[in-house]
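>>> Build the 3D model from these lines:
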Amino acid sequence: MNQRGRAGAQAAATGAKGPLAGVRVIDLTSVMMGPYATMILGDYGADVIKVESPEGDVMRYAAPMRSPRMGAMYLQGNRNKRSIVLDLKKPRGREALLRLSETADVFVHNVRPAAMRRLKLSADDLLVVNPRLVYVALHGFGEEGPYAGRPAYDDLIQGLTALPALVGKITGEPRYSPATIADRIVGLNATHAILAGLLHRDRTGEGQAIEVPMFETMAQFVLGDHMAGRSYDPPLGPPGYSRLLAPDRRPYRTRDGYICALIYTDKHWDAFFSAIKTDPEQRDPRFKDMSARTRNYDHVYKWLADLIETRTTAEWMRLFEEADIPCGPMHDLDSLIDDPHLSEVGFFREIDHPTEGKLRVAGPAARWSRTPSSIRSCPPRLGEHGDEILREAGFSDGDIEALAGEGAMVRDSG
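Got it, this is the predicted structure:
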């Protein structure tokens, strides 16, 4: 185990506290966006209570899996959490959730707003119970627009924010990203919204309701690159950042494989031309500076693609490294997982799960000098911690048995 891996293991073993130690999060999210956000909070030390329906988070069923309801996608997104199953349609189940929320710091869900209102679990309901609560709703669309209340998933939001269309503009065929990019970007935005809400609460004592809509969040993300000429009124031209849309902006084919390189700044281009022995007076004026290249990226990338095809990957890697130009191999998934840098910095962590055996997970990436993040607990089985969580909230054994007896709380079946 490398130094970072040892440090992480030691932090977990000695009970080292992360920056959110003492913060309790009630997590009603499922699929990917919300669980990703709350996993980060858990890595930072928060006590994340994952409240699941009797069926459980749908990602529990995403193969491959060793055991029922413990799919790989679920395992990669739900460490450092405790699971309780509550049937919120039953009065006792709802009452149990309200009681858990009384001492919570954060309540986060990705249930459609109308359903939360029917359950009487909206921000208005919860902030009466706990005025210091940071109540975060992850929606498909903002509640004040015509799309309010519509269902939304990653693919739909990608499509609505033009990502497949941008791919199609380059390749001729619209395609979704092969990663849950909308879920994860919105999840990251939710994480920092929660942290800002906690900071405000700690300064003022006030809780509040925060809405994080997928569509608007991803529209901001995409248009930050692509407003272009429509940044101005009247427009100076069409939207779209020419560099990102150039058809030859791709991993470059070499004589024996592929390489990823970005010759971007004027300094990079000067170093590159020097490396390939091209004198300044011989250089195409379309390469002169950033402004010229921006207007001619189709030509720039096509010229570079044709040139790179004339040498081997090793030759180009050596040239780019000597010129201090950003470059690297084009990984596939296996070579990414086996990348020596990720191994050396302790990116992957091995955890021993009581039912799933040894698991390899992508650990927290940030490094902290005083309050390190850590993996303290395995992804939970469905309802694994129900009794424990309720006892902590002051429920008696009789209360817990009553909840279980009518199916308002469902225990882990092993």
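>>> And the residue nearest to residue 243 when sequence neighbours are not counted, its phi and psi?
Computed as C-beta to C-beta, 6 or more residues apart in numbering, the closest residue to residue 243 that is not its neighbour in sequence is residue 297, at 4.8 Å. In short, each C-beta sits where N, CA and C put it, glycine included. As for residue 297, its main-chain torsions (degrees, to the nearest 10) stand at phi -60, psi -30.
>>> can I assume residue 108 sits in a helix?
No: with DSSP: H, G, I helix; E, B strand; the rest coil as the criterion, residue 108 is strand rather than part of a helix.
>>> For it, grab the count of nearby residues.
27 (other C-beta atoms under 10 Å).
>>> quick one: contacts for it?
By C-beta atoms under 8 Å, 6 or more residues apart in numbering, the contact set of residue 108 is 25-29, 34, 37-38, 135-138, 190, 194.
>>> Distance of the residue lying closest to residue 289 once chain neighbours are set aside relative to residue 284?
Nearest non-adjacent residue to residue 289, counting by C-beta to C-beta, 6+ apart: residue 266, 5.6 Å away. If you measure residue 266 against residue 284 using C-beta to C-beta, to the nearest Å, the figure is 14 Å.
>>> How about residue 125?
Distance of residue 125 to residue 284, given as C-beta to C-beta: 65 Å.
>>> As a check, name the ranges of all helices in the stretch 1-150 of the chain.
3-13, 33-43, 72-75, 91-101, 113-118, 123-129 (DSSP state H, counting those that start in this stretch).
>>> Need the contact partners of the one helix or strand residue 301 maps to.
Assigned by DSSP states H and E, residue 301 falls within helix 297-308. Contacts with helix 297-308, where a contact means C-beta under 8 Å, 6+ apart, come from 242-243, 246-250, 252-254, 259, 261, 263, 276, 284, 286-287, 293, 316.
>>> just checking, which of these belong to strands?
Among the contacts of helix 297-308, the members falling in strands are 252, 253, 259, 261 (criterion: DSSP state E).
>>> Buried ones from the residues you listed, can you make that a PyMOL selection?
PyMOL command restricting these to the buried ones, with burial defined by 16 or more other C-beta atoms under 10 Å:
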select buried, resi 252+259+261
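>>> Among the ones in strands among the contacts of helix 297-308, which one sits closest to residue 21?
residue 261 (42.9 Å; C-beta to C-beta).
>>> what separates the residue in the chain sticking out farthest from the centre from residue 273, distance-wise?
Distance from the C-alpha centroid of the chain, by C-alpha atoms, centre = their mean, peaks at residue 281 (47.5 Å). Using C-beta to C-beta, residue 281 is found at 11 Å from residue 273.
>>> Show me which of residue 125 and residue 284 is the more surrounded one.
Higher neighbour count among residue 125 and residue 284: residue 125, with 16 against 12, using other C-beta under 10 Å.
>>> what sits against the more buried one?
Applying C-beta under 8 Å, 6+ apart, the residues contacting residue 125 are residue 98.
>>> at 10 Å instead, please
By C-beta atoms under 10 Å, 6 or more residues apart in numbering, the residues touching residue 125 are 94, 98, 101, 116, 117, 119, 135.
>>> could you flag which of those are buried?
If we count by 16+ other C-beta under 10 Å, the contacts of residue 125 have these buried: 94, 98, 101, 116, 135.
>>> doesn't residue 207 make contact with the last one?
If I follow you right, that is residue 135. Yes: using C-beta atoms under 10 Å, residue 135 is in contact with residue 207, at 6.8 Å.
>>> Find the residues that touch each one of the two.
Counting by C-beta under 10 Å, 6+ apart, the shared contacts of residue 135 and residue 207 are 106, 107, 123, 126, 127, 197.
>>> Now pLDDT too, for those, in TSV please.
Shown next, in TSV, are the shared contacts of residue 135 and residue 207 (pLDDT from 0 to 100):
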residue	pLDDT
106	98
107	98
123	97
126	98
127	98
197	98
